[in-house]
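> fold the following for me, if possible:
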Amino acid sequence: MNTETLKQNIWQATENLLEKEFFVVDVLIKELKEKLKVSVLLDGDKGVNIEVCAKTSRALGNIIEEQNWIESKYILEVSSPGAENPLKMLRQLPQHIGRTLQIATKDGKIIEGVLKNVEGNQIVVEQSIGKGKKMQKIVHQIDWNEIITAKVVISFK
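Residues are numbered from 1 along each chain as shown. I've put the predicted structure just below:
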């Protein structure tokens, strides 16, 4: 089975295992020296926890074995995308309302601001420019299709 077909099969099988508030963000397949590494990234409308990942991993591992999708040795990893990974789907954004995002748009702009709203295909980000009394707040309404990358900015303040 080629890598793309394997990826599609794993994606679909995982979607079928998940309750409706959870979803697949990505399936990554990497060839290591003597085995295949399959990473399945999950998220949920209110985030995803370790129990969901573990339960999904066990069930997905059983399906991979039953269907004999991978004939060699492999590692199966089911996890959340993690804060360092960009947000890949619009569905991931509502849970991040109130957090600071860094967004790169197709027209070359980099916008860093607080996610205020997600409605339809549009997101609203409030950017603060300047400091003190000279600080201005600029509200950007951005169509999801115009975004190249969107990342949550981690702050240790």
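
> from now on I want contacts and neighbour counts done on CA atoms only, so please keep to that.
OK.

> just want the phi and psi numbers for the most far-flung residue of the chain relative to its centre.
Most distant residue from the mean C-alpha position of the chain: Lys133, 37.1 Å away (CA atoms, centre = their mean). Backbone geometry at Lys133, expressed as degrees, to the nearest 10, gives phi -70, psi -20.

> distance of it relative to Ala104?
Here Lys133 is placed at a distance of 28 Å from Ala104 (CA to CA, to the nearest Å).

> same check on Ser39?
Between Ser39 and Ala104 the computed distance is 26 Å (CA to CA).

> tell me which of the two has more neighbours.
Here Ser39 and Ala104 are compared on neighbour count by other CA atoms under 10 Å; more neighbours surround Ser39, at 20 against 17.

> secondary structure class for the more buried one?
Counting by DSSP: H, G, I helix; E, B strand; the rest coil, the backbone at Ser39 sits in strand.

> likewise Gln102?
Reducing the assignment at Gln102 to three states with three-state DSSP gives strand.

> what's the pLDDT at the nearest residue to it once chain neighbours are set aside?
What sits nearest to Gln102 in space, not counting adjacent residues and going by CA to CA, 6 or more residues apart in numbering, is Glu112, at 4.3 Å. pLDDT, Glu112: 95.
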